[in-house]
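Chemist: this one's structure only:
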């Protein structure tokens, strides 16, 4: 029985060391800053700027043959002195990622009341664009995205939290089992004297 305990203790210690070295996984919350520029049409040359966040650890809102589309958890767009948020959108705004390798492809949005559409890229975000109609004319525009590397706490949604690796739970379970086995070995049956 002592060999079993020693083996379990060594295995548990190995897991604990591996876990200490690997740390924890992070929930995959991404925040991007973007700028949009109208390249043609009545608003040619005008710019809008903003940011958005999404979590790719959650199930996608929808999937097509090559992309996953994630609901945004937060968004803000500033245009012509007005700030718009997710509450102002009349249809879902989604972040698209490639099914093949998880590459960010851009935003996807089709308004149900305004003549505006945002189309994500097919293989990268630089291919994305938007279309619009105003004053009886059509126009197109382009996006520029940049992933926030150092996100200030006030702009990071609550879901950016540490998530324990499954191996942490396995290691703790094995160490607990080893401890209990050792404790059971020390318990002796009561002896009665006559």
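Modeler: Everything's here; your move. Nothing here was measured: the structure is a model prediction, and the numbers come from that model.

Chemist: which stretches of the protein have low pLDDT?
Modeler: Residue ranges of the chain with pLDDT under 70: 1-27, 150-194.

Chemist: now with 80?
Modeler: 1-28, 99-100, 150-194 (pLDDT under 80).

Chemist: the protein: strands as residue ranges?
Modeler: For the chain, the strands defined by DSSP state E occupy 25-26, 29-38, 47-55, 62-63, 67-79, 82-85, 94-98, 104-110, 116-119, 129-134, 137-147, 162-163.

Chemist: any chance of the ones you listed in a markdown table, plus mean neighbour count?
Modeler: Backbone N, C-alpha and C define where each C-beta goes, glycine included. Formatted as a markdown table, those follow (neighbours: other C-beta atoms under 10 Å):
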| stretch | mean neighbour count |
| --- | --- |
| strand 25-26 | 12 |
| strand 29-38 | 18 |
| strand 47-55 | 19 |
| strand 62-63 | 12 |
| strand 67-79 | 18 |
| strand 82-85 | 11 |
| strand 94-98 | 23 |
| strand 104-110 | 21 |
| strand 116-119 | 18 |
| strand 129-134 | 17 |
| strand 137-147 | 16 |
| strand 162-163 | 11 |
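
Chemist: contacting residues around the closest residue to residue 80 other than its chain neighbours?
Modeler: Spatial nearest neighbour of residue 80, excluding adjacent residues (C-beta to C-beta, 6 or more residues apart in numbering): residue 46 at 7.6 Å. Residue 46 sits next to 37-38, 79-80 when contact means C-beta atoms under 8 Å, 6 or more residues apart in numbering.

Chemist: for residue 46, what are phi and psi?
Modeler: With angles defined as degrees, to the nearest 10, residue 46 sits at phi -80, psi 150.

Chemist: distance check, it against residue 82.
Modeler: The gap separating residue 46 from residue 82 is 13 Å, by C-beta to C-beta, to the nearest Å.

Chemist: ditto for residue 75
Modeler: For residue 75, the distance to residue 82 - C-beta to C-beta - is 14 Å.

Chemist: doesn't residue 61 make contact with residue 55?
Modeler: No. Using C-beta atoms under 8 Å, residue 55 is not in contact with residue 61; the gap is 11.4 Å.

Chemist: what touches both of those two?
Modeler: residue 70.

Chemist: quick one: contacts for the residue nearest to residue 65 when sequence neighbours are not counted?
Modeler: Nearest-residue entry for residue 65: residue 99, 8.0 Å, with adjacent residues in sequence omitted and distances by C-beta to C-beta, 6+ apart. By C-beta under 8 Å, 6+ apart, the contact set of residue 99 is 63, 65-68.

Chemist: and the furthest pair within the residues you listed?
Modeler: Greatest spacing in the contacts of residue 99, by C-beta to C-beta: 65 and 68 (11.1 Å).

Chemist: list the contacts for residue 126?
Modeler: Taking C-beta under 8 Å, 6+ apart as the definition of contact, residue 126 has no neighbours.
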